[in-house]
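Chemist: Build me a model from this:
(2 chains)
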There are 2 protein chains.
Amino acid sequence: MNSVKPNYARPLDIKNGRVDMSHGSGGRAMAQLISELFAAEFDNKFLAQGNDGALLPAANGRLVMATDSHVVSPLFFAGGDIGCLSVHGTINDVAVMGATPLYLSASFILEEGYPLADLKRIVESMAQAAREAGVHIVTGDTKVVEQGKGDGVFITTTGVGVVRDGVHLSGDLARPGDKILLSGTIGDHGMAILSQREGLTFSAPIVSDTTALHGLIETMLDSGVKLRVLRDPTRGGLATTLNEIAKQSGVGMMLHESAIVVNQPVEAACEFLGLDPLYVANEGKLIAICAPEDAQRLLEAMRAHPLAAQASIIGEVLDDAHGFVQMTTRLGGRRVVDWLAGEQLPRIC
Amino acid sequence: MNSVKPNYARPLDIKNGRVDMSHGSGGRAMAQLISELFAAEFDNKFLAQGNDGALLPAANGRLVMATDSHVVSPLFFAGGDIGCLSVHGTINDVAVMGATPLYLSASFILEEGYPLADLKRIVESMAQAAREAGVHIVTGDTKVVEQGKGDGVFITTTGVGVVRDGVHLSGDLARPGDKILLSGTIGDHGMAILSQREGLTFSAPIVSDTTALHGLIETMLDSGVKLRVLRDPTRGGLATTLNEIAKQSGVGMMLHESAIVVNQPVEAACEFLGLDPLYVANEGKLIAICAPEDAQRLLEAMRAHPLAAQASIIGEVLDDAHGFVQMTTRLGGRRVVDWLAGEQLPRIC
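Modeler: Down below sits the predicted model:
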């Protein structure tokens, strides 16, 4: 994203204007869109360099890099929009590696005809999310595709962070006997999107849990507990994320249904639509795995943070080369919790 | 991109299969697509970590970060495809900052129904381009949108590199008297795309110049010349890129038309379509600006490299607070070379 500003005949008509093909051409119109909208909102010294890339200070430590394209539909939903989601999602992918997120890039694929006023709302939301998280959006790109070749706005963010010394988190570090902790309720983001998409209304509104988790993770790392695995259960939900970890570590897991909390309206919506909240996406929750002797201390550290007040120990890691994830149900039975198969919820993030 | 592999009933049908919504769901089908296609091709130890982000060694020096979304249409063109283009484009944005490109992320937005065989060709092309460039694709993401909400494949790449000590390149460092060098012919990429899109055939084929420029740039930095500005003239072409630099540095420029080389078929195609090659995108060329006393030495260093055998000094930087870029024409006249206005060539990269 090059924020150099040529001389324009008149300012961008954000109120009534629409994205047109010239905004992706590399010429005067694109420069104007970037300087009057993106650079104005994301305002920081790195972006202000005005070059095609951002020059950043040397980073002291191991790096982490993560990327996510966001194609959520609808673009605006209860509790957020594609803008803040695209910031939170990538910050969380960096943070669950044990890294402090430092920089984000943001690349936009816009559909011709999309209202500039709505784009501005999205960009404002991104800027606010980045400010709240203490992360800079340092570089970017804008492309425009013809009407019918895109869907409003797609945003790809990439994050870079630095891992503090002594921290090593990875999905392959779960060991038999370890405890599995979950930071809060599940299914809120996915059901917020789906109920809006389907035009469903429930007595209590379902609100996305989209948020940046790096503050919570910092608290957890500061607690002195040796964490082995952190992961945010997004697409595919808690069930799929735990299956990934089980496979990666070559272990099994036993979950306890009674310890997994689902907000009442989410549960009602899932029942109505025939969905299992274990497979519904979250955007502000995390799974942590640690040695059994550390679990209680970790739980207390998590509960002391506002984003994990409802944290609980939801299960244990088992010695099982098949990598099965199982669950003891509320009724005392036992079932296998498999990977998500098929497409439960398309375009959820 | 998480490359953990669950157990599948059967391998992915790459020959006859198509992208479906389940490939973006976060579940089993997505894990299979990632492990059997993306991770298999991009194969490297960072991606093999199998986490949502990549853990990378500490980097020794200032960082550079650049990103580009690629929406080129058609996806395959003479001289390349969206795959290698998405690698070259971002490597070049990192390299023109004076950085050695180290890592790339790759994020895919796929349209439902796109043939897996074509996706495999694109991914192979990316993998080959990355190998040739000595850069690893360390992390990624895959999303799928419904038919009619995308256009085959969009790829967003983000690059991270490290700047060597003592190097400082920026678009605001051009000074009156400086010389402007260009590494070769202009307009090849844009006209390769456009002639294919319009179904035009010329006596000689027009081939995209898409390539990674970091090797050439390393040679230039090694020459001992103090470079002030490097930039690759992509969208908007040479004219727009020089206007950006002029504006950023608060200087004018005088170009010499006779020093700017255009391949004959590109010139013919531009004439036929009423386009000015100065505004047509390049994907394997660079502009360099240096002090006048260094220009000859830089020119020789560039010409010794195969990617800049046709390099030339195309003009000088002037003292002009208005930031006008002008050109002396072949006929001895003089004209202003303005920013690209409007949309000359949509979806060129």
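Chemist: in chain A, which ranges drop under the pLDDT threshold?
Modeler: Scanning chain A for pLDDT under 70 picks out the ranges A:1-9, A:343-344.
Chemist: can you list the domains in it?
Modeler: Chain A is divided into the following domains under automatic domain parsing: A:21-163, A:179-336.
Chemist: Would you mind finding the most buried of the ones you listed?
Modeler: Comparing those by mean neighbour count (mean count of other CB atoms under 10 Å in any protein chain shown), domain A:21-163 ranks first with a mean of 23. Every C-beta, even on glycine, is put in place using the N, C-alpha and C of the backbone.
Chemist: From the opening residue of it to its closing one, how far?
Modeler: Start and end residues of domain A:21-163 are separated by 41 Å (CA to CA, to the nearest Å).
Chemist: and the biggest helix by length in chain A with chain B, contact?
Modeler: For chain A, the helix that runs over the most residues, judged by DSSP state H, is helix A:116-133. No. Using CB under 8 Å from any CB of the partner chain, helix A:116-133 stays clear of chain B, coming no nearer than 14.0 Å.
Chemist: How about stretch A:168-184?
Modeler: Yes. Stretch A:168-184 is in contact with chain B by CB under 8 Å from any CB, via A:170-172.
Chemist: how long is that stretch from one end to the other?
Modeler: 24 Å.
Chemist: So what's the gap between stretch A:249-265 and the chain middle?
Modeler: Chain-centre distance of stretch A:249-265: 20 Å, with CA atoms, centre = their mean, to the nearest Å.
Chemist: what helices or strands is the strand ranked longest in chain A leaning on?
Modeler: In chain A, ranked by residue count with DSSP state E as the criterion, the top strand is strand A:99-111. Where contact means 3 or more CB pairs under 8 Å, 6 or more residues apart in numbering or on different chains; DSSP states H and E, strand A:99-111 is packed against strand A:54-56, helix A:82-95, helix A:116-133, strand A:136-145, strand A:153-163, helix A:214-222, strand B:62-70, strand B:153-163.
Chemist: repeat that for 6 Å
Modeler: helix A:82-95, strand A:136-145, strand A:153-163, strand B:62-70, strand B:153-163 (3 or more CB pairs under 6 Å, 6 or more residues apart in numbering or on different chains; DSSP states H and E).
Chemist: picking that back up, okay, angle between the longest helix of chain A and helix A:214-222 too, please.
Modeler: Helix A:116-133 runs at 20 degrees relative to helix A:214-222, counting by axes from the mean of the first three to the mean of the last three CA atoms, to 10 degrees.
Chemist: How far away from the center of its chain is helix A:116-133?
Modeler: Centroid separation for helix A:116-133 versus its chain: 16 Å, with CA atoms, centre = their mean.
Chemist: Write out the residues of the stretch 1-150 of chain A neighbouring chain B.
Modeler: Neighbours of chain B within the stretch 1-150 of chain A, by CB under 6 Å from any CB of the partner chain: A:2, A:4, A:6, A:21-22, A:25-28, A:50-56, A:58, A:61-69, A:71, A:93-94, A:97, A:103, A:105, A:107, A:109, A:138-139, A:141, A:143, A:145, A:149.
Chemist: need the helices for the stretch 201-349 of chain A, in chain order.
Modeler: For the stretch 201-349 of chain A, the helices defined by DSSP state H, counting those that start in this stretch occupy A:214-222, A:237-249, A:264-273, A:295-303.
Chemist: so which of the ones you listed comes closest to chain B?
Modeler: Relative to chain B, the nearest member of those by CB to the nearest CB is helix A:237-249, separated by 4.7 Å.
Chemist: Next, see if the closest one gets close to chain B.
Modeler: Yes. Interface with chain B: helix A:237-249 contributes A:240, A:244, A:247-248 (CB under 6 Å from any CB).
Chemist: hmm, back to that, same list, the domains of chain A, but as CSV with distance to residue B:301 please.
Modeler: Formatted as CSV, the domains of chain A follow (distance: least, CB to CB, whole Å):
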stretch, distance to residue B:301
domain A:21-163, 22
domain A:179-336, 45
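Chemist: residues in contact with the residue in the stretch 1-150 of chain A that chain B sits nearest to?
Modeler: Nearest residue of the stretch 1-150 of chain A to chain B, counting by CB to the nearest CB: residue A:26, 2.6 Å away. Residue A:26 sits next to B:235-236, B:240 when contact means CB atoms under 6 Å, 6 or more residues apart in numbering or on different chains.
Chemist: near chain A, which of these show up?
Modeler: Among these, proximity to chain A is found for B:235-236, B:240 (CB under 6 Å from any CB).
Chemist: Look up the closest residue to whichever residue of the stretch 101-250 of chain A sits closest to chain B, ignoring the ones flanking it.
Modeler: Per CB to the nearest CB, residue A:235 is where the stretch 101-250 of chain A lies closest to chain B, at 2.6 Å. Excluding its sequence neighbours, the residue lying closest to residue A:235 (CB to CB, 6 or more residues apart in numbering or on different chains) is residue B:26, at 2.6 Å.
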